[in-house]
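S.K.: Generate coordinates for the sequence data below:
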Amino acid sequence: MVIGVPQYRRTVAGGVAQGLAPALLPDGPRGAEGARGAGAARGVEGELSACTGGGGATAPPPAGYDTVTVAVRHGLETVDILRLRRACGAVLQTAGGSAIAFLVPAGTADLWHLPGSSCTPGAVLYPPTDPRWVMPPSGPDSAARPTDAWVLRSALCEAACTLTAGGFGPF
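M.R.: Predicted coordinates for the structure are as follows:
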């Protein structure tokens, strides 16, 4: 395993993930009105790129953010892991200073179940110069970039293992 390189599959031309067997793809057309029904507005390409994090067609950006909150020590270890992977989005320290809040795409709260963390819908965004930012928004328009929820989940688990092995756990 190579350190510092994301370990998820990237899509290639046509939106099909590398190594994905054609037999696993749905039959019929890939559009919104295909064999998967009228509710599949994103299509196969959008689902694969949303799950794998790049390449092919992408889903539109989320309208808002959800917030995943963890204890400070756990959160700062997770920020370090995500920064090494170059996958860290905007991160805030809560008002009381007792927790770290990661911005994730809207809708994550509906499916988030990870002990030691909580995910709530919505997020309060502060100006980029506010001292509560651990990882402030950056770029020409200073827009907050969310962290991919599955990459965050993996980093949170890795951070918990690291802290437990160092004698700072369990959580």
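S.K.: Which positions in stretch 164-171 come out as buried?
M.R.: By neighbour count with 16 or more other C-beta atoms under 10 Å, stretch 164-171 contains no buried residues. (Each C-beta comes from the backbone N, C-alpha and C, glycine too.)
S.K.: What of stretch 103-122?
M.R.: By neighbour count on 16+ other C-beta under 10 Å, the buried set for stretch 103-122 is 103, 104, 105, 106, 108, 109, 112, 117, 119.
S.K.: Pull out the CA atoms of stretch 108-128 and give them to me as CSV.
M.R.: This file holds the C-alpha atoms of stretch 108-128, laid out as CSV (Å, rounded to 0.1, in the frame of the first residue of the first chain):
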residue,chain,number,x,y,z
THR,A,108,-24.8,13.0,5.0
ALA,A,109,-26.7,13.3,8.3
ASP,A,110,-29.4,10.9,7.0
LEU,A,111,-27.0,8.0,6.7
TRP,A,112,-24.3,8.8,9.3
HIS,A,113,-23.8,6.2,12.1
LEU,A,114,-20.4,6.1,13.6
PRO,A,115,-19.9,5.8,17.4
GLY,A,116,-17.9,8.7,18.9
SER,A,117,-19.2,11.2,16.4
SER,A,118,-22.4,13.0,15.6
CYS,A,119,-23.7,14.4,12.3
THR,A,120,-26.2,17.2,12.2
PRO,A,121,-27.9,18.8,9.2
GLY,A,122,-26.8,22.3,8.4
ALA,A,123,-23.7,24.3,9.3
VAL,A,124,-22.9,27.7,10.5
LEU,A,125,-20.3,29.3,8.2
TYR,A,126,-18.1,32.0,9.6
PRO,A,127,-15.9,34.5,7.6
PRO,A,128,-12.6,33.0,6.4
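S.K.: pLDDT of it, averaged?
M.R.: The predicted model assigns stretch 108-128 a mean pLDDT of 92.
S.K.: circling back to that earlier point, spatially, which two of the buried residues of stretch 103-122 are the most separated?
M.R.: Spatial extent of these (C-beta to C-beta) is set by the pair 106 and 117 at 17.3 Å.
S.K.: of all the buried residues of stretch 103-122, which comes closest to residue 72?
M.R.: residue 117 (12.6 Å).
S.K.: Can you spell out which residues form a bridge with the residue lying closest to that closest one once chain neighbours are set aside?
M.R.: The spatially closest residue to residue 117, leaving aside those adjacent along the chain, is residue 70, at 4.7 Å (C-beta to C-beta, 6 or more residues apart in numbering). Per DSSP bridges, the residues bridged to residue 70 are residue 100.
S.K.: Mind giving me the packing neighbours of the helix or strand harbouring residue 150?
M.R.: Residue 150 belongs to helix 149-165 when assigned by DSSP states H and E. Contact partners of helix 149-165 among helices and strands, from 3 or more C-beta pairs under 8 Å, 6 or more residues apart in numbering; DSSP states H and E: strand 65-71, helix 72-84, strand 99-105.
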